[in-house]
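S.K.: Sequence first, predicted model second:
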Amino acid sequence: MNNGQRQVRVRFAPSPTGYLHVGGLRTALYNFLFARHTGGVFILRIEDTDRSRYVEGAVENLIATLGWAGLSFDEGPGKGGAYGPYVQSERLDIYRKHAGRLVEEGKAYYCFCAPERLEQMRKRQEAEKLPFKYDRECLRLAPAESAAKLQRGEPHVIRLKVPDGRAIRFADIIRESVEIDAERIDDQVLLKSDGYPTYHLANVVDDHLMGVTHVIRGEEWLSSTPKHVILYEYFGWDLPVFAHLPLLLNPDRSKLSKRQGDVAVEEYRRKGYLPEALVNFVAFLGWNPGGTKEIYSIDELIGEFTLDKVNKSGAIFNLEKLNWLNFEHLRTKPAAEVLAALRRELAGSRFSGQTFEDAYLISVIGAMRERVTSVADFILKSPYFFGQPESYEQEAVRKRWNARSPQVLTALAREFSRIPPGSGKEAFEEALHRTAAAEQVPNGELIHPLRLAVSGVSGGPGVFDIVAIIGPAETIGRIRNAIERIPAQP
RNA sequence: GGCGCCAUCGUCUAACGGUUUAGGACGGAGCCCUCUCAAGGCUCAAAUACGGGUUCGAUUCCCGUUGGCGCUACCA
C-alpha cells in the first residue's frame, strides 16, 4: 500500500450504454464527494471497450446529466488533463502493449480456442456442477506452435495466467479484508479477439497510468477484484485503496433495475426533481454522517463525507423519501430559481402558448410551495393558475354546490366587481363576508362554491389567496362560467 | 451448484461492550389548527433474523444456521 501523503485521485468510469443510472449517480457522487472533501482530483473516464453495447450520444448524455447533478470533474473527455486520453477506445495501443508485456513475461498467454469449444466446455462443467474455468488447453501449446498460429493470423485472445494455489487477499475500506483462493479464479481474458481489452485489463492499466489512488465502485466488482490484484502484482504496481459500495436495490431487494421504477437520472430530471434533492437522497443511500440532520446541500455533503461512514448492506431506493426531500429542498430554494424552473415546465406544458409575468408566477409559487413535491406539480396540482378550469370535480360539486349557489355566487360576483385589480386577499375576504351577511348564509356556503368555481377542485391554497392572485375580473368570469356549466343541484 | 458479500422498525438509518424503556427520518394511524388541500404542532404503532459461545454485561466480538444479494462471459 502506498499513497499516504499523495493527492487523492479518484475516477468515475461508466460505460456509455445509454443513460446515467441512479446507481451510477451514487457511485459518481461518492467519488466526487471524496475528491472534494480531500482536495483531490475527480476524473471521468469512459469505458467503451464493448463495441456491441455502445450507444450513440451516450457520452454527451452522461456528461450533461453529471453536470445537471452538479458533479463537475477535473479531468476527462472534453475537459482534458495530463493523463489522457480519457476514453478507452482511444487507448487501445496502450492495452495491447501491456498485455504483450505480460505474455513475454509468462504471466499471460495466447488462446486460440473457438467460442464453440468454450461453450461446450462451459456446458459440460455446468452439468457437473463445477464452476466455469478455462482448461488451459492453449497454455500447453508449444511456443513455436503458438507463434505459427499467430503468424497465420488465427483469431486469438490473451488470457491471464492465474497463479496456482495461492490466496489472494486485499483490503477494502468498507469491507475490511477480503480473501479468495486463486484456485477459484478463471484465466480471465484480458485482450479480446477484436483487439479491445476487457474491463479487467483496461481498468487496472488505466487506474495505474492515471494515478488513481482510490477505487470507489459498486459491490458487483468485489468478486473480480482478486483478478485485478493479480494484475497489479504482475505489473509490479502499487495497489490502490479499494472501497466497494453497497448496491442500490429494488423494493423487492434485487439489484436496482428498470421494470420496477425509473432508474435513469434524466427521468427524475424530467419529472421535475431538483438535482440537490436527488443528490441528497442518493448520498444517504449507503452513507450516513451520524446525527439527525437530513437535509444537506452538496457543500455540506462535501464537508461531512468520509468513506469509513459508508455502510455495507444494500439500500432500497425509496421514492417516498425522495419526494419528501425534494419538497424540503424546493421550499428553501430561492423563488427566482424556482421561477426559472417553473418557466421551463410551462414551456413544455399545454400552457406553453401563454405568457405570465414574473410577479404573477412568484405569487403562484408562494401559494403552492408547500403543496408540491416537484416543480412539475405546480402545473399538475394547480392548473387553474394558468387557465380556466376545464371541468369541475364531481364529488366536490355534490358536496359543496347546492340550489342556492348560483344566486349567492352572483351576488358575490357583484361585490367582487367593485374590487380594484391588484387588491390583496383581504378585499376579497371582506367582500365575501358582506355578501354572506346580506344573503344570510354562512361563509362556508360561499367559500366552497367559490373555490369550486375558480379552481374546479376542492383542495389547494386558501381560496382568498387564489382569487387575489388571479384577480377580480378573472374570478368573476370563472364564477359566471361555473354557474353556466355546473348542472343545478337539489 | 461454487465462491464472495451482507443481515437494527415496512423503508433509509443511529448506536463504534455498559449513558438504551434501542434514537432520528420517510411512510402509516390519531388529535390539534382550519374555508378545502397542504404545511405546522402533539401523540401512537413499528426493529436488533435464529441458535450457540466470549464477557460481570452483548445490537455491538466469535462460530454456526437461515435468508438476501452479487459474481460465476472474448458485458461492464
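M.R.: Received it, and whenever you're ready, just let me know what you need.
S.K.: correct me, but A:Lys192 touches A:Val157?
M.R.: Yes - assessed by C-beta atoms under 8 Å, A:Lys192 is found in contact with A:Val157 at 5.7 Å. Any C-beta I mention is one placed from the backbone N, CA and C, and that applies to glycine too.
S.K.: Tell me which of the two has more neighbours.
M.R.: Ranked by neighbour count (other C-beta atoms under 10 Å), A:Lys192 and A:Val157 place A:Val157 first, with 22 against 17.
S.K.: Tell me how far that one lies from A:Pro115.
M.R.: For A:Val157, the distance to A:Pro115 (C-beta to C-beta, to the nearest Å) stands at 10 Å.
S.K.: What of A:Thr306?
M.R.: 46 Å.
S.K.: who's more crowded, those two?
M.R.: Taking other C-beta under 10 Å, A:Thr306 and A:Pro115 do not tie; A:Thr306 has more neighbours (13 against 9).
S.K.: how about the helices in the stretch 51-200 of chain A?
M.R.: For the stretch 51-200 of chain A, the helices defined by DSSP state H, counting those that start in this stretch cover A:58-69, A:92-104, A:115-127, A:143-151, A:199-209.
S.K.: CA atoms only for the third one - export them in CSV, please.
M.R.: This points to helix A:115-127. Taking C-alpha atoms only, helix A:115-127 is exported to CSV below (Å, rounded to 0.1, in the frame of the first residue of the first chain):
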residue,chain,number,x,y,z
PRO,A,115,-16.1,-19.8,-28.9
GLU,A,116,-17.8,-23.1,-29.7
ARG,A,117,-15.3,-25.1,-27.8
LEU,A,118,-15.5,-22.7,-24.8
GLU,A,119,-19.3,-23.0,-25.0
GLN,A,120,-19.2,-26.8,-24.9
MET,A,121,-16.7,-26.8,-22.0
ARG,A,122,-19.0,-24.4,-20.1
LYS,A,123,-22.0,-26.7,-20.6
ARG,A,124,-20.1,-29.7,-19.5
GLN,A,125,-18.8,-28.0,-16.4
GLU,A,126,-22.2,-26.7,-15.6
ALA,A,127,-23.7,-30.2,-15.9
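S.K.: and it, is it in reach of RNA strand B?
M.R.: Yes - counting by C-beta under 7 Å from any atom of the strand, contacts between helix A:115-127 and RNA strand B involve A:115, A:118, A:122.
S.K.: OK, contacts around the second one?
M.R.: Which is A:Leu118. Applying C-beta atoms under 8 Å, 6 or more residues apart in numbering, one finds that A:Leu118 lies in contact with A:Tyr134.
S.K.: Nearest to A:Ala341, out of the helices of the stretch 51-200 of chain A?
M.R.: Among the helices of the stretch 51-200 of chain A, the nearest to A:Ala341 by C-beta to C-beta is helix A:58-69 (11.9 Å).
S.K.: how about the residues of the stretch 301-450 of chain A near RNA strand B?
M.R.: Residues of the stretch 301-450 of chain A lying close to RNA strand B by C-beta under 7 Å from any atom of the strand are A:309, A:311-316, A:318, A:320-321, A:323-324, A:370-371, A:443-444, A:447-448.
S.K.: Kindly recompute the last result at 6 Å.
M.R.: Within reach of RNA strand B by C-beta under 6 Å from any atom of the strand, the stretch 301-450 of chain A has these residues: A:311-316, A:318, A:320-321, A:324, A:370-371, A:444, A:447-448.
S.K.: State the pair within those that is farthest apart.
M.R.: A:Lys312 and A:Gly444 (56.6 Å).
S.K.: Of these two, which one has the most company?
M.R.: More crowded of A:Lys312 and A:Gly444, by other C-beta under 10 Å: A:Lys312, with 13 against 10.
S.K.: residues contacting A:Thr332?
M.R.: Counting by C-beta under 8 Å, 6+ apart, A:Thr332 makes contact with A:Ile295.
S.K.: same thing but at 7 Å, please
M.R.: With C-beta atoms under 7 Å, 6 or more residues apart in numbering as the criterion, no residue contacts A:Thr332.
S.K.: roughly how far apart are it and A:Arg344?
M.R.: According to C-beta to C-beta, A:Thr332 and A:Arg344 sit 20 Å apart.
S.K.: and if you look at A:Leu191?
M.R.: 47 Å.
S.K.: Show residues contacting stretch A:202-214.
M.R.: For stretch A:202-214, the external contacting residues (C-beta under 7 Å, 6+ apart) are A:3, A:6, A:8-11, A:34, A:43, A:45, A:47, A:49, A:83, A:88, A:94-95, A:98, A:215, A:228, A:231-232, A:235, A:237, A:240-241, A:243.
S.K.: again, but for stretch A:55-64
M.R.: Stretch A:55-64 is contacted from outside by A:14, A:16-20, A:46, A:77-78, using C-beta under 7 Å, 6+ apart.
S.K.: and the stretch 51-200 of chain A, which residues reach RNA strand B?
M.R.: Residues of the stretch 51-200 of chain A found near RNA strand B (C-beta under 6 Å from any atom of the strand) are A:53, A:115, A:118, A:122, A:129, A:131-132, A:155, A:157, A:175, A:178, A:180, A:184, A:189, A:192-194, A:198-199.
S.K.: List phi and psi for A:Gly303.
M.R.: In terms of degrees, to the nearest 10, the main-chain angles of A:Gly303 are phi -60, psi -30.
S.K.: what's the burial count for it?
M.R.: 13.
S.K.: if you skip the residues just before and after it, what's nearest to it?
M.R.: Once flanking residues are discounted, A:Gly303 sits nearest to A:His37: 7.1 Å by C-beta to C-beta, 6 or more residues apart in numbering.
S.K.: for A:Phe327, same thing?
M.R.: That would be A:Thr373: by C-beta to C-beta, 6+ apart, it lies 4.6 Å from A:Phe327.
S.K.: do the same with A:Ala108
M.R.: In space, A:Ala108 is closest to A:Leu102, 3.8 Å off (C-beta to C-beta, 6+ apart).
S.K.: so the one you found touches A:Arg96, yeah?
M.R.: No - the criterion here is C-beta atoms under 7 Å, and A:Leu102 misses it with A:Arg96 at 10.9 Å.
S.K.: Name the residue in these two with the higher neighbour count.
M.R.: For A:Leu102 versus A:Arg96, neighbours defined as other C-beta under 10 Å are more numerous around A:Leu102 (21 against 16).
S.K.: Between A:Leu191 and A:Arg344, which is the more surrounded one?
M.R.: Neighbour tally, A:Leu191 and A:Arg344, criterion other C-beta under 10 Å: the higher count belongs to A:Leu191, 27 against 12.
S.K.: quick one: low-confidence ranges for chain A?
M.R.: Low-confidence segments of chain A (pLDDT under 70): A:1-5.
S.K.: Do you have the strands of the stretch 251-400 of chain A handy? List them.
M.R.: Along the stretch 251-400 of chain A, the stretches classed as strands by DSSP state E, counting those that start in this stretch are A:315-316.
S.K.: Can you confirm whether the helix or strand hosting the residue nearest to A:Gly303 lies near RNA strand B?
M.R.: Element membership for A:His37 (DSSP states H and E) is helix A:22-38. No - residues of helix A:22-38 contacting RNA strand B under C-beta under 6 Å from any atom of the strand: none, with a closest distance of 9.3 Å.
S.K.: What is whatever helix or strand comes next after that helix packed up against?
M.R.: For helix A:22-38, the following helix or strand on the C-terminal side (DSSP H and E) is strand A:41-44. Where contact means 3 or more C-beta pairs under 7 Å, 6 or more residues apart in numbering; DSSP states H and E, strand A:41-44 is packed against strand A:9-12, helix A:22-38.
S.K.: Is it possible to get TSV of these that adds mean neighbour count?
M.R.: Putting those into TSV (neighbours: other C-beta atoms under 10 Å) gives the following:
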stretch	mean neighbour count
strand A:9-12	26
helix A:22-38	24
